[in-house]
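J.: just a sequence and a predicted model for now, questions to come.
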Amino acid sequence: MAFVAAVTKRSGAVRGIKRPSTPYLLLIPGLAWLFMFFIYPLINLAGTSTQTPADSGEVGVYVQSFRFANYIDAFSGAREQFLRSIIYALIATLLALAISYPLAYAIAFKSGKWKNLLLVLVVAPFFTSFLLRTVAWKQILGNEGPVVAVLKFLHILGPQAGLTASAFAVVTGMTYNFLPFMTLPLYASLERIDPRTLEASSDLYANGITTFRKVTFPLSLPGVVAGTLLTFIPAAGDYINATLLGNPRTKMIGNVIEARFFDIVDYPTAAALSFMLMAAILIMVMVYVRKAGTEELV
Amino acid sequence: MKRWLSKNLIKVYAFLAFVYLFIPIAYTMAFSFNNAGKSNLTWRGFTFANWQNPCGAPQVCNALGNSLKIGGIATLIATILGTMIAFALGRHRFRGRSAVNLLIFLPMATPEIVLGASLLAMFLNLGINPGFWPTVIAHVMFCISFVVVTVKARIASLDPKLEEAAMDLYATEAETFRRVTLPLVMPGIFGAALLAFSLSFDDFIITNFNSGTLTTFPKFVYISSARGIPPQANVIGSTMFILALAIVLAGQFVSSRKNRV
């Protein structure tokens, strides 16, 4: 919980200049780890992305030839999955926002002494394994499951129709699996709203809807931005939901990268796709954060 | 009735959201009692057999053991390294603060598949085979950022007067840190460690890239999902759920008792 508070809030007090070398000594081990196992691998991956197969023709052996056309080839081969990842992730993010906002609002303002317990209950489902939860959705939405039974009873679904192995199931799983990343930042920003500002609004004859639109929602915006980002980013790169709940026509960019890496050992294409995914996400994040006018993410 | 509904609409909505949140958990737990033969997809009758013999399915406890070992080591290293960075950021002014903040934020903003693929590519280039230690290294890498932000938030929320009071009472800088600052930050460090462990324990994508033939618990579930997941996996999932819930609730209880005193 605290980490989300930190994501939405800039750290407050910085004071006391002590020995000038102390901060660097504290930073070196951790930053060295990140340089070696995060930054350097990314640089290395950039190198891999422009390699071409070795002359020997051996499978999985590539030599550097700065072939930037790899990116064009990679993209044209996976355009469909790329677009699908972005669209699924956007839908899942919006659904998660619609589910989480009222929930976070209720916990922040209407829960009284149950607040802490309810917060624990929001996170609790995510203590079971991500994969077990996804498999559970496969059962819930499966042909013998309750959802299909109800929908068939109401004649919404035909007797032969099902819900699993579909885009619907993939988006359902994604929405569910990343929900706490949405709810917690929303709660953190709502909880910090001074109730007096809401009272002031109603004193000034604003009704409930106007107060929400003009006061509550703008004040919770940092939480909305943090929550949507923390949901969208993992959702766009996810391929577990697509594998377990989808069909061959719901494959996402993650599926393509994984298959390129392991099944085809086509490292350059996998590297190029990884970079394009990262670039696409970073560009969208930057535009979005600009628009939303909050840059206080760390 | 209508008035009651419009007044309590948000509570009804929150209740429904909770139902939605817990449906898959109820399923997972219920099917841990399923008298399943090989496939645990349909209900075949109630049994305690899976709980009495959680290691009954081949490989499942081996996978669990690997996950616990990786999670334990990665949590320890990430918590130490992350806490050090958090103190540097929370308590010191220095050149390059914003660059450090960016470096902490970036791994959280990078899709897991990119993290996993880039690390594996590096290991392969260096001639290192994926397996146990590469997985530990990867887990430490993605846990550090979460530890930093969690501990940093706790440091930022401390009342500076407490440390000033200690200094006024002639405590040295080291004593103040050991007897005042560190105990106050401890709940944050503990929370960060729990978060790191759960992230590590539950990670699939990065692990899948860097673990080679080593099986972790999420990998076990993934691999067996094609043939049918044994109910023992549900037993382990349910146990982890209950354990984590108990730890968090106990922590809340302790901290609320402390605040009252």
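T.: Structure received. Residues are numbered from 1 along each chain as shown, chains lettered A, B, ... in the order given.

J.: do you know how far residue A:132 is from residue B:118?
T.: 28 Å (Cβ to Cβ, to the nearest Å). Placement of C-beta: from N, CA and C, glycine included.

J.: show me where chain B has helices.
T.: B:2-30, B:49-52, B:60-91, B:97-109, B:112-125, B:132-156, B:160-168, B:173-176, B:182-202, B:205-210, B:217-224, B:231-260 (DSSP state H).

J.: can I get the ones you listed in CSV with mean pLDDT?
T.: Shown next, in CSV, are these (pLDDT from 0 to 100):
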stretch, mean pLDDT
helix B:2-30, 86
helix B:49-52, 84
helix B:60-91, 94
helix B:97-109, 89
helix B:112-125, 91
helix B:132-156, 94
helix B:160-168, 85
helix B:173-176, 84
helix B:182-202, 91
helix B:205-210, 94
helix B:217-224, 91
helix B:231-260, 83
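
J.: TSV for the ones you listed, including distance to residue A:127 and mean neighbour count?
T.: As requested, those are exported to TSV (distance: least, Cβ to Cβ, whole Å; neighbours: other Cβ atoms under 10 Å in any protein chain shown):
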stretch	distance to residue A:127	mean neighbour count
helix B:2-30	9	15
helix B:49-52	18	16
helix B:60-91	13	22
helix B:97-109	20	17
helix B:112-125	19	24
helix B:132-156	16	25
helix B:160-168	33	13
helix B:173-176	36	13
helix B:182-202	7	20
helix B:205-210	18	25
helix B:217-224	13	23
helix B:231-260	4	17
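
J.: distance to residue A:82 added to those helices, as TSV?
T.: Listed next are the helices of chain B as TSV, based on distance: least, Cβ to Cβ, whole Å:
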stretch	distance to residue A:82
helix B:2-30	29
helix B:49-52	42
helix B:60-91	32
helix B:97-109	18
helix B:112-125	13
helix B:132-156	24
helix B:160-168	49
helix B:173-176	54
helix B:182-202	27
helix B:205-210	18
helix B:217-224	23
helix B:231-260	33
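
J.: in CSV, list these along with distance to chain A.
T.: As requested, those are arranged in CSV below (distance: least, Cβ to the nearest Cβ, whole Å):
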stretch, distance to chain A
helix B:2-30, 4
helix B:49-52, 14
helix B:60-91, 4
helix B:97-109, 4
helix B:112-125, 4
helix B:132-156, 4
helix B:160-168, 6
helix B:173-176, 7
helix B:182-202, 5
helix B:205-210, 7
helix B:217-224, 4
helix B:231-260, 4
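
J.: of those, which is nearest residue A:24?
T.: Residue A:24 lies closest to helix B:60-91 among these, at 7.7 Å (Cβ to Cβ).

J.: now do the closest one against helix B:182-202: the angle between them, please.
T.: Per axes from the mean of the first three to the mean of the last three Cα atoms, to 10 degrees, the angle that helix B:60-91 makes with helix B:182-202 is 140 degrees.

J.: now for helix B:60-91, which elements pack on it?
T.: helix A:22-34, helix B:97-109, helix B:132-156, helix B:182-202, helix B:217-224, helix B:231-260 (3 or more Cβ pairs under 8 Å, 6 or more residues apart in numbering or on different chains; DSSP states H and E).

J.: just how off-centre is the longest one within its chain?
T.: Translated: helix B:231-260. The chain centroid and the centroid of helix B:231-260 are separated by 13 Å under Cα atoms, centre = their mean, to the nearest Å.

J.: just the angle for it relative to helix B:60-91, thanks.
T.: Using the same axes, to 10 degrees: helix B:231-260 against helix B:60-91 is 30 degrees.

J.: what residues does the stretch 51-200 of chain A put near chain B?
T.: Within reach of chain B by Cβ under 8 Å from any Cβ of the partner chain, the stretch 51-200 of chain A has these residues: A:99-100, A:102-103, A:105-107, A:110, A:116-118, A:120-133, A:135-137, A:139-140, A:142, A:144, A:176, A:179.

J.: for those residues, which ChimeraX command selects only the ones that are buried?
T.: This is how ChimeraX selects the buried members of those, with burial counted by 16 or more other Cβ atoms under 10 Å in any protein chain shown:
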select /A:99,100,102,103,105,106,107,116,118,120,122,123,124,125,126,127,128,129,130,131,132,133,135,136,137,139,140,142,176,179
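
J.: in helices, which of the residues of the stretch 51-200 of chain A next to chain B fall?
T.: A:99-100, A:102-103, A:105-107, A:110, A:116-118, A:120-123, A:130-133, A:135-137, A:139-140, A:176, A:179.

J.: having no further points to raise, I will conclude here.
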